[in-house]
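Engineer: Quick one, fold the following:
(chains A and B, ligands or ions: 2)
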Amino acid sequence: MHVVGKLSVKKPIFNRPKKKTNIKEKIAYICIYAVALITMLALISIIGYVLLNGIQHINLEFFTQEPRSMGRKGGIFSIIVGTIYLTIVSIAIATPIGIGAAIYLTEYAKENKLIKIIRFGTETLAGIPSIIFGLFGFVFFVIFLGFRWSILSGGLTLAIMILPTLIRTTEESIKTVPNSLREGSLALGATKWQTIVKVVLPSSIPGILTGLILGIGRAIGETAAIMLTAGSSLGIPESIMDPTRTMSVHVYLLASEGLSKEKTFATASVLIIFVLIINLSANMVANKYIKKLI
Amino acid sequence: MVNNTKIKVRNLNLFYGEHQALIDVNMDIMKNKVTALIGPSGCGKSTFLRTLNRMNDLIDGVKIKGDVLLDDVDIYGNESDLINLRKNVGMVFQKPNPFPKTIYENVAYGPKIHGIKKKSELDEIVEKSLKGAALWDEVKDRLDKPALGLSGGQQQRLCIARCLAVEPDVILMDEPTSALDPISTVKVENLLDELKAKYTIVIVTHNMQQAGRVSDYTSFFLNGKIIETDLTENIFSNPRDKRTEDYITGRFS
Ligand SMILES: Nc1ncnc2c1ncn2[C@@H]1O[C@H](COP(=O)(O)OP(=O)(O)O)[C@@H](O)[C@H]1O
Ligand SMILES: [Mg+2]
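Structural biologist: Ligands and ions are numbered 1, 2, ... in the order given. Below you'll find the model as predicted:
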């Protein structure tokens, strides 16, 4: 630093290109800030717009009453139940499969053709439009397996849809667990499986949680694929074989059929609050977990 | 004399694929003594150490020929049980590698996976092991705190405690102080002196002063071969082989 300063005093010409990069850097900074600001503004205005239009129509009855006359009146109790039910079913199906697959791919599989094909498959699946999953679920679960429009059909379809992301994020977080920890465990006489369950997985939990949140986000945000597999029934689902309607589907149907602007925005507001709560609580769990470890 | 041999290594050859890392290694490791492995880096010290608890089994493409006898039982024989072997032959690594768990859970990890469930029993093991690793006084009030919050030297002694907790006979150490500051290094070295009363210790070190300070026997490795093994004082005062002398006197590194 000192030497450079001396040189530039002697030969001020060296300062010129430096200044140029400074200006370039400044422009780059401004651009980045501008983009970040635009993103934030877009996010805030979308959420703000929905909440501003929706929140005044939310009251206790909105949560506790069932929808009446196609959703024009009443609340969204059955829809909240359906949303939670469907999300839990899809996560319950996807989590063990996703974590199992990620463990297999990272800890057991040797790099060979089959593994490459599986990797390619999961990556492709992650990029397929959700309506294709919906069609598949409709043909396979609803009709071929005879599950009809039900939480089971919808949950299975959503599970397949969130699996690629879940596998990917879990794999990534398993890979960040240093090998020295595996060796430490094995050297104490632990089996490979004990090492995975007691050392590798606990260290990967924050990453797995991230994958789950992305998955839940996708499940909650989906519409078309859910309508094709879980239907859009307004009643309270009593079993996993019942059809149901989720909040996103409800918002879509209310809006597209022009049933009630107030209920549309009120439902959308609840949906946003739901997603926020899930995100925040998962973050809190992850942070707490990390704090406990370090 | 024969009874005092804990591990016998006979004509051991190890290949990483095509590359031969150990060539005809023969060695007797004495019970309740500290044996130091010295030699330039890449000469096969770690590889040799890892044959003693079969950690090399984890690496793809490793081929091993020859015998390693622990208490006269071939550890590579079919009947030998890998889990029991690693229970009997513990290992401390170059870089401290405590689990991201509490101090208590780190030490209790081994006993737990070997089936000890009773809290009182685990408490006792944890205390005994931490005392054995000269760490108890420093951590007894914070057993439920994360192990990663300890200093590097404390972490390494925690790893030693974790190893003691499964009650091994032999402890393998691969440059256990190379990542530590001088004060922590002295603590670990002093600990070795106490530990050898109960354990057989094999330590890899690239620090010859350390080998001189802590070990009873020293083996000099060069290019995958053992050049000579002898009492440490003999190795350092009058080595039989010219190459040993060159290495000891720092003529090559
Ligand atoms: N996992 C491995 N795969 C292939 N070669 C290895 C592996 N580990 C070590 N080697 C090679 O074996 C030789 C001995 O290595 P190592 O035992 O680590 O030496 P040291 O501990 O004495 O420095 C070196 O040539 C090294 O490159
Ligand atoms: Mg080494």
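
Engineer: rest of the way, CA atoms for contacts and neighbours
Structural biologist: Fine.

Engineer: Close to ligand 1: what parts of the stretch 51-200 of chain A are there?
Structural biologist: Within the stretch 51-200 of chain A, not a single residue sits near ligand 1 (Cα under 6 Å from any ligand atom).

Engineer: So the residue lying closest to residue B:240 once chain neighbours are set aside: helix, strand or coil?
Structural biologist: Nearest residue to residue B:240, sequence neighbours excluded (Cα to Cα, 6 or more residues apart in numbering or on different chains): residue B:228, at 7.7 Å. Secondary structure assignment for residue B:228 (DSSP: H, G, I helix; E, B strand; the rest coil): strand.

Engineer: Report how many residues lie close to residue B:112.
Structural biologist: The number of residues packed near residue B:112 is 16, by other Cα atoms under 10 Å in any protein chain shown.

Engineer: Need phi/psi at it.
Structural biologist: Phi and psi for residue B:112, reported as degrees, to the nearest 10, are phi -60, psi -50.

Engineer: still on that earlier bit, measure the residue nearest to residue B:240 to residue B:53 for me?
Structural biologist: According to Cα to Cα, to the nearest Å, residue B:228 stands 22 Å off from residue B:53.

Engineer: List the residues that contact residue A:223.
Structural biologist: A:248-249, A:252 (Cα atoms under 8 Å, 6 or more residues apart in numbering or on different chains).

Engineer: With residue A:237 instead?
Structural biologist: A:78, A:81-82, A:243-244.

Engineer: hmm, 7 Å instead?
Structural biologist: A:82, A:243-244 (Cα atoms under 7 Å, 6 or more residues apart in numbering or on different chains).

Engineer: where's residue A:273 relative to chain B, distance?
Structural biologist: Shown here: residue A:273 relative to chain B, a distance of 34 Å by Cα to the nearest Cα, to the nearest Å.

Engineer: ok, what's across the strand from the residue nearest to residue B:240?
Structural biologist: With beta bridges defined as DSSP bridges, residue B:228 has these partners: residue B:220.

Engineer: could you pull out the helices for the stretch 101-250 of chain A?
Structural biologist: A:113-127, A:130-137, A:151-175, A:179-187, A:192-195, A:201-221, A:224-229, A:247-256 (DSSP state H, counting those that start in this stretch).

Engineer: Which single residue of chain A ends up nearest chain B?
Structural biologist: Closest residue of chain A to chain B, Cα to the nearest Cα: residue A:189 (4.5 Å).

Engineer: how close does that residue get to ligand 1?
Structural biologist: Counting by Cα to the nearest ligand atom, to the nearest Å, the separation of residue A:189 from ligand 1 is 20 Å.

Engineer: now the helices for the stretch 1-150 of chain B?
Structural biologist: Using DSSP H, counting those that start in this stretch, helices in the stretch 1-150 of chain B cover B:45-51, B:82-88, B:103-113, B:119-132, B:136-139.

Engineer: Now residue A:132: closest residue in space, sequence neighbours ignored.
Structural biologist: residue A:225 (7.8 Å).

Engineer: cool, residue B:16 as well?
Structural biologist: Residue B:16 sits nearest to residue B:62 (Cα to Cα, 6+ apart), 4.8 Å away.

Engineer: Closest to the centroid, which residue in chain B?
Structural biologist: Centroid-nearest residue in chain B: residue B:172, 1.3 Å away (criterion: Cα atoms, centre = their mean).

Engineer: and that residue, helix, strand or coil?
Structural biologist: strand.

Engineer: Which residues are in contact with it?
Structural biologist: B:49, B:90-92, B:201-203.

Engineer: okay, now the closest residue to ligand 1 within the stretch 1-150 of chain A: neighbour count?
Structural biologist: Ranked by Cα to the nearest ligand atom, the top residue of the stretch 1-150 of chain A for proximity to ligand 1 is residue A:110, at 15.9 Å. Here the number of neighbours of residue A:110 (other Cα under 10 Å) works out to 13.

Engineer: same deal with residue A:128?
Structural biologist: 11.

Engineer: Please apply the same query to residue B:227.
Structural biologist: 17.

Engineer: and if you look at residue B:119?
Structural biologist: Neighbours around residue B:119, by other Cα under 10 Å: 10.

Engineer: With residue B:173 instead?
Structural biologist: 23.

Engineer: just to revisit the earlier point, okay, residue B:228 and residue B:53: which has more neighbours?
Structural biologist: More neighbours surround residue B:53 than the other of residue B:228 and residue B:53, with 29 against 18 (other Cα under 10 Å).

Engineer: Make sure that one is actually in contact with residue B:88.
Structural biologist: No - assessed by Cα atoms under 7 Å, residue B:53 is found out of contact with residue B:88, at 8.7 Å.

Engineer: quick revisit: same list, the helices of the stretch 101-250 of chain A, but as CSV with mean pLDDT please.
Structural biologist: Below are those laid out as CSV (pLDDT from 0 to 100):
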stretch, mean pLDDT
helix A:113-127, 87
helix A:130-137, 95
helix A:151-175, 94
helix A:179-187, 96
helix A:192-195, 95
helix A:201-221, 88
helix A:224-229, 94
helix A:247-256, 94
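
Engineer: Could you tell me which residues of the stretch 51-200 of chain A lie near chain B?
Structural biologist: Residues of the stretch 51-200 of chain A lying close to chain B (Cα under 7 Å from any Cα of the partner chain) are A:180-181, A:184, A:187-190.
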